[in-house]
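# Quick one, structure for this:
(chains A, B and C)
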Amino acid sequence: MNLHSQTTSSSSNSLFALVDVNNFYVSCERVFQPKLEDVPMVVLSNNDGCAVARSAEVKALGVKMGTPWFQMKDLAKKHGILAQSSNYTLYGDMSSRVVQVLRTFTPNLEAYSIDESFLQIETVLKQYQDTIELGQKIKQQVKDTTGLPVCVGIGASKTLAKLANHLAKKHKQFAGVCDVNAMAKEELYQWMSETEVGEVWGVGKQIAKKLKAQNIQSVFDLLQASPQAMRQQFGVVMERLCYELRGTSCLQLEEVAPAKQQIIASRSFGKPVTSQAELAQSVATHVARAAEKLRAQNSTTGALTVFIQTNPFKQNEPQHHQSVTIPLADPTDNTLTLTNAALAGLKQIYQASFRYKKAGVILNLIGDKPTAQQSLFDDIETKGKSAHLMKAVDEINTRFGNAAIRSAASGTNSTKQEWQMRSNNRSPNYTTRWDELPVAR
DNA sequence: TCTGGGGTCCTAGGACCC
DNA sequence: TCTGGGGTCCTAGGACCC
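Next comes the predicted model:
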């Protein structure tokens, strides 16, 4: 159907910059409390559970991301490490300010995460002597406008830009800006052989372990591995990654964020919870937050999952991790409707004997009809029997996938049917096939 | 005593269809 | 003993990211 969906686009002359704020949460706190500059510090997760950001001084002490605060208290005392509770509203606001500054350089920007953006810079370059000058300018501009320190990595693919950014952060001689594209091959290979394979974007703990077992230790080793062989062992994502490392860009800039497929709202409890009433209260809160996010992206949801779980770290206590998915007759964004569904679900899975440590809800948006999708459906209806139909269906396919086509082709009940089908664990019997489309021929 | 909260994509395998 | 072939769609789970 869509021949292009599996292929990857490549262009030999793309150039990406990755701009990443250093120790983002810590840096945000320091902007508003300058006295914290140079103070070794961490920012803590909810309930002040564990460190989600560490200042350079703390990283130097070997404290890992996600270390529980109680485990590092001794170290903290010894080195005067300061802990801050997190303030996500503040970080979100600072994040958009940074993006705003970056947009003044180019509109071809992907806000990849709260503290990172990819920029496509081939066309911007003309105005600068070289990439390093551009990088320095970006760095200076962000610092002057927001007070936040950033590093800039540049490369021919997103993966290489990531790697460059890593080098810029880690090695002082780059002064915060590193372009692996402009480097002599020998120098790049030198850096690559000094960098552990686990640093590559997309190579996590598990894969790094397996790679090392076959003596692929460094980024350079991976560069030399055959992409086909890597695909055989680890799948298509890994193959793509190999090409990216070789400078063939396979991952495009995603300037407009695709609509979410899933919205999660969950929290750990400070203390274990045993009563259903207490769980119900937190579940209701989570539903309200999730529904807000849902409306913010102009969607409705066709199903809702509630889950509760015990403390997985308490291995000597009885464990319980239960969830239930509730299909909704009509897709909705109504908080009250969703709350009722969630509480009914909670009732089903709750067991009084357990000490619960976490509760949450997941809105599953597959089967919903966001605004953009709806307009395409309208297109089919109005253009009816013409070639436009196939074109519109094709466009829906590329943009929204098969689920959307089924919805489009089989009418307004499709969502309901789809969820009934899911919950009964049956395959659909209403799937409309290409050759059955009512008006195509 | 105390251990975050989001997300995505891919694959394997089963059910089902013709 | 033999036991189609080609395909879709779903779920669960694994791996990854920040």
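# can you pull out the helices in the stretch 101-250 of chain A?
Per DSSP state H, counting those that start in this stretch, the stretch 101-250 of chain A carries helices over the ranges A:131-146, A:158-170, A:185-194, A:205-213, A:219-224, A:227-234, A:236-245.
# and the residue nearest in space to the middle of chain A, what are its bridge partners?
When chain A is reduced to its mean C-alpha position, the nearest residue by Cα atoms, centre = their mean turns out to be residue A:113, at 6.6 Å. Residue A:113 has these beta-bridge partners by DSSP bridges: residue A:116.
# Look up the pLDDT of whichever residue of the stretch 151-300 of chain A sits closest to DNA strand C for me, please.
Nearest residue of the stretch 151-300 of chain A to DNA strand C: residue A:204, at 2.3 Å (Cβ to the nearest atom of the strand). No exception for glycine: its C-beta is placed from N, CA and C like everyone else's. Note for residue A:204: predicted pLDDT of 96.
# got a list of what the nearest residue to it once chain neighbours are set aside touches?
In space, and not counting its chain neighbours, residue A:204 is closest to residue A:198: 7.5 Å by Cβ to Cβ, 6 or more residues apart in numbering. Listed by Cβ atoms under 8 Å, 6 or more residues apart in numbering, the contact set of residue A:198 reads A:204, A:205, A:208.
# Flag every residue of chain A that's near DNA strand B.
Taking Cβ under 7 Å from any atom of the strand, the part of chain A that reaches DNA strand B is made up of A:45-47, A:49-50, A:52, A:65-66, A:68, A:70, A:235-237, A:258, A:260-268, A:270-272, A:286, A:293, A:311, A:313-314, A:357-358, A:360, A:426-427, A:429.
# just to revisit the earlier point, now mean neighbour count too, for the helices of the stretch 101-250 of chain A, in TSV please.
As requested, the helices of the stretch 101-250 of chain A are exported to TSV (neighbours: other Cβ atoms under 10 Å):
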stretch	mean neighbour count
helix A:131-146	18
helix A:158-170	25
helix A:185-194	14
helix A:205-213	14
helix A:219-224	19
helix A:227-234	15
helix A:236-245	20
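# Turn these into CSV, columns for distance to residue A:39.
What follows is those, written out as CSV (distance: least, Cβ to Cβ, whole Å):
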stretch, distance to residue A:39
helix A:131-146, 19
helix A:158-170, 20
helix A:185-194, 31
helix A:205-213, 31
helix A:219-224, 34
helix A:227-234, 42
helix A:236-245, 38
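# closest one to residue A:364 among these?
helix A:236-245 (23.2 Å; Cβ to Cβ).
# Residue ranges in chain A under the pLDDT threshold?
Across chain A, residues meeting the criterion (pLDDT under 70) sit at A:1-12, A:367-441.
# Of all the helix elements in it, which one is longest?
helix A:276-296 (DSSP state H).
# next SSE after that one?
Sequence-wise, the next helix or strand downstream of helix A:276-296 (DSSP states H and E) is strand A:301-310.
# Return the angle between stretch directions for that following strand and helix A:276-296.
Orientation check (axes from the mean of the first three to the mean of the last three Cα atoms, to 10 degrees): strand A:301-310 against helix A:276-296 gives 140 degrees.
# Name the residues of whatever helix or strand comes next after strand A:301-310 that are buried.
The helix or strand immediately downstream of strand A:301-310 is strand A:321-332, counting by DSSP H and E. Under the neighbour-count criterion of 16 or more other Cβ atoms under 10 Å, strand A:321-332 has A:322, A:324, A:326, A:327, A:328, A:331, A:332 buried.
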